[in-house]
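Engineer: Fold the following for me, if possible:
(one chain, ligands or ions: 1)
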Amino acid sequence: MISPLCIFFYFFLGLAFGSFANVVIMRLHSGEKGIFSGRSHCASCKHSLSVWDLIPLFSWLLLRGKCRYCKESISIQYPFVELLMGAMFVSAYVAAAYLAPQNPFYEVWLLIIFFAFTILFIYDFLYMELPDEISLPTIVILFGFNFFAFTPTWQDALLGAAIPTLFFGIQYLVSRGKWIGEGDFRLGILMGLILGWKLTIVALFLGYILGAVVGAYVLISKTKKMSSQLPFGPFLILGTVIALFFGNNVMNWYLGFLGF
Ligand SMILES: [Zn+2]
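Structural biologist: Now for the predicted structure:
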């Protein structure tokens, strides 16, 4: 049963976690120590921010995207990540309510996946890197979940993790590390733990198709130079989320297409 009140609750919870994600992204990138310590400050004038400047989404809207103290514009990235996380948390709630209404752990599992994936997606998109500080703890936590009945079994999860590792490993060797980043290996392990081996293959397939389509579009429209690369992580992440919810449909459609 999906209630509007719960949708509001998860949206605001997502906004708050999105705000936390912004801090994590900023501090990982700048190399500042401590995610929980130290006060938040304006990125341009360094003025400490008050509680009223830190309300997710609403502070940005009320201040019309400008710092209260120096009037420098604040990147749209902040409210965007907050909104995206709000949407992800609502999606996790709705998906869990439909797919596993009797199992609260399923919802927690989805929230963890969506939270980590949103940070990895944004970070790879902005900085072409998938930070270990996010992927490694998520690997440990999700492997713990592989002992719950609703996730792939731990054997299936390890087999799933081995497939992208092997697949990326070959590309890494062939291209001498040019085609595939080290962070992609960690993401490949996450894919296996979430999906098990069959759906991991579907997710890789989807990730490469999405990457090829967007890559071709970018080349044609010349918004990026030939030499510059697209990050691969966001496509693998999208492939994983699609495979998680629709993987069996994709697989059946494809096998039917091949005439099985
Ligand atoms: Zn400022």
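Engineer: Quick check: buried residues in the lengthiest helix in the chain?
Structural biologist: The residue-count maximum for a helix in the chain (DSSP state H) belongs to helix 182-221. For helix 182-221, burial by neighbour count (16 or more other Cβ atoms under 10 Å) applies to 183-208, 210-211, 215. For the C-beta atoms, the positions are set from N, CA and C on the backbone; glycine is no exception.
Engineer: what helices or strands is the helix or strand just after it leaning on?
Structural biologist: Note on helix 182-221: by DSSP states H and E, the next helix or strand toward the C-terminus is helix 233-258. Other helices and strands packing on helix 233-258, by 3 or more Cβ pairs under 8 Å, 6 or more residues apart in numbering; DSSP states H and E, are helix 104-127, helix 182-221.
Engineer: at 10 Å what do you get?
Structural biologist: helix 77-99, helix 104-127, helix 182-221 (3 or more Cβ pairs under 10 Å, 6 or more residues apart in numbering; DSSP states H and E).
Engineer: Please render those as a markdown table that adds mean pLDDT to the earlier fields.
Structural biologist: Output for those, formatted as a markdown table (pLDDT from 0 to 100):
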| stretch | mean pLDDT |
| --- | --- |
| helix 77-99 | 95 |
| helix 104-127 | 96 |
| helix 182-221 | 93 |
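Engineer: who wins for proximity to residue 173 among those?
Structural biologist: helix 182-221 (12.4 Å; Cβ to Cβ).
Engineer: Near the ion, which residues of this structure are found?
Structural biologist: 42, 44-45, 67, 69-70 (Cβ under 5 Å from the ion).
Engineer: if we go to 6 Å?
Structural biologist: Taking Cβ under 6 Å from the ion, the part of the chain that reaches the ion is made up of 42, 44-45, 47, 67, 69-70, 72.
Engineer: Quick check: the two most widely separated of the residues you listed?
Structural biologist: Checking the residues of the chain next to the ion against each other with Cβ to Cβ, the farthest-apart pair comes out as 47 and 72, at 10.2 Å.
Engineer: Quick test: name the residue nearest the centre of the protein.
Structural biologist: Centroid check for the chain by Cα atoms, centre = their mean gives residue 117 as the closest residue, at 1.8 Å.
Engineer: From the ion, how far off is the residue lying closest to residue 113 once chain neighbours are set aside?
Structural biologist: Here the nearest residue to residue 113 in space, its sequence neighbours aside, is residue 194; by Cβ to Cβ, 6 or more residues apart in numbering that works out to 6.2 Å. Distance of residue 194 to the ion, given as Cβ to the ion, to the nearest Å: 40 Å.
Engineer: mind listing what residue 194 touches?
Structural biologist: By Cβ atoms under 10 Å, 6 or more residues apart in numbering, residue 194 lies in contact with 109-110, 113, 117, 138, 142, 145-146, 151-152, 157, 160-161, 200, 203, 240-241, 243-244.
Engineer: got the domain boundaries for the protein?
Structural biologist: 1-99, 103-260 (automatic domain parsing).
Engineer: Straight-line length of the shortest one, end to end?
Structural biologist: What that stands for is domain 1-99. End-to-end distance for domain 1-99, by Cα to Cα, to the nearest Å: 11 Å.
Engineer: again with the last one
Structural biologist: Taking Cα to Cα as the measure, domain 103-260 stretches 35 Å from start to finish.
Engineer: roughly how far out does that domain sit from the chain middle?
Structural biologist: 10 Å (Cα atoms, centre = their mean, to the nearest Å).
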